[in-house]
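Colleague: The sequence and its predicted three-dimensional model are supplied below.
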Amino acid sequence: MTTHWPATPDLPGATASIPPEDFKILLVHTPDFAPQAARAGIQLQLSGHSHGGQIRLPGIGALYRPPLGREYPSGLQQVSGSGTLVYTNCGLGTTVLPLRLFCPPEVTLLTLRSRA
């Protein structure tokens with residue numbers, strides 16, 4: 001696993017005291033951490049990092065996806081083989097180039113509702 005951290009995060013240890021039936025949300029900068037979150041029983045991961053690709057072309061998508069932001073570059077997606085969802089926000093700013101093309105800035109409002 002590649003991370004930006006000097007050590008490997010211990011999600012099982014961090015979530016050990018949370019009852020299994022509780023809904024767990026993880027806020028993590030890099031969206032491609034989602035498979036690890038799924039293995040730890042996280043139901044929803046919220047991320048950023050990729051800026052949605054920042055420069056996108058219709059029919060092609062993002063011209064560049066940064067490391068750790070390639071698998072889940074924007075929007076809501078499900079982690080394959082799990083019930084975990086990952087939402088990657090495109091953000092407001094830019095990185096490297098001060099330019100956005102076909103990738104508008106985004107502020108997201110999520111409303112979570114209980115099934116009960």
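Modeller: That came in fine, so what should we check first? Since we're looking at a predicted model, the values are computed, not measured. Numbering: from 1, shown residues only.
Colleague: can you give me the strands in this structure?
Modeller: Listed in chain order, the strands of the chain (DSSP state E) span residues 25-27, 44-47, 56-57, 61-62, 75-78, 85-88.
Colleague: Identify all contacting residues around the last one.
Modeller: Strand 85-88 is touched from outside by 31, 34, 37, 43-50, 52, 69, 72-79, 108, 110, with contacts defined as C-beta atoms under 8 Å, 6 or more residues apart in numbering. C-beta coordinates here come from the backbone N, C-alpha and C atoms, glycine included.
Colleague: show me where pLDDT drops low in the chain?
Modeller: Where the chain drops to pLDDT under 70, the residues are 1-7.
Colleague: number of nearby residues for residue 77?
Modeller: Applying other C-beta atoms under 10 Å, we find 17 residues neighbouring residue 77.
Colleague: So what sits opposite it in the bridge?
Modeller: Here residue 77 sits in beta bridges with residue 86, as judged by DSSP bridges.
Colleague: re the thing from before, just put the strands of the chain in JSON lines and tack on distance to residue 100.
Modeller: Below are the strands of the chain laid out as JSON lines (distance: least, C-beta to C-beta, whole Å):
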{"stretch": "strand 25-27", "distance to residue 100": "23"}
{"stretch": "strand 44-47", "distance to residue 100": "18"}
{"stretch": "strand 56-57", "distance to residue 100": "9"}
{"stretch": "strand 61-62", "distance to residue 100": "11"}
{"stretch": "strand 75-78", "distance to residue 100": "16"}
{"stretch": "strand 85-88", "distance to residue 100": "15"}
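Colleague: wait, which of these is closest to residue 8?
Modeller: With C-beta to C-beta as the measure, strand 25-27 is the member of the strands of the chain nearest residue 8 (15.0 Å).
Colleague: which other helices and strands contact the closest one?
Modeller: When contacts are defined as 3 or more C-beta pairs under 8 Å, 6 or more residues apart in numbering; DSSP states H and E, strand 25-27 sits against strand 44-47.
Colleague: re the thing from before, among the contacts of strand 85-88, which ones are buried?
Modeller: When burial is judged by neighbour count using 16 or more other C-beta atoms under 10 Å, the buried members of the contacts of strand 85-88 are 31, 34, 37, 43-50, 52, 69, 72-74, 77, 79.
Colleague: Thank you, goodbye.
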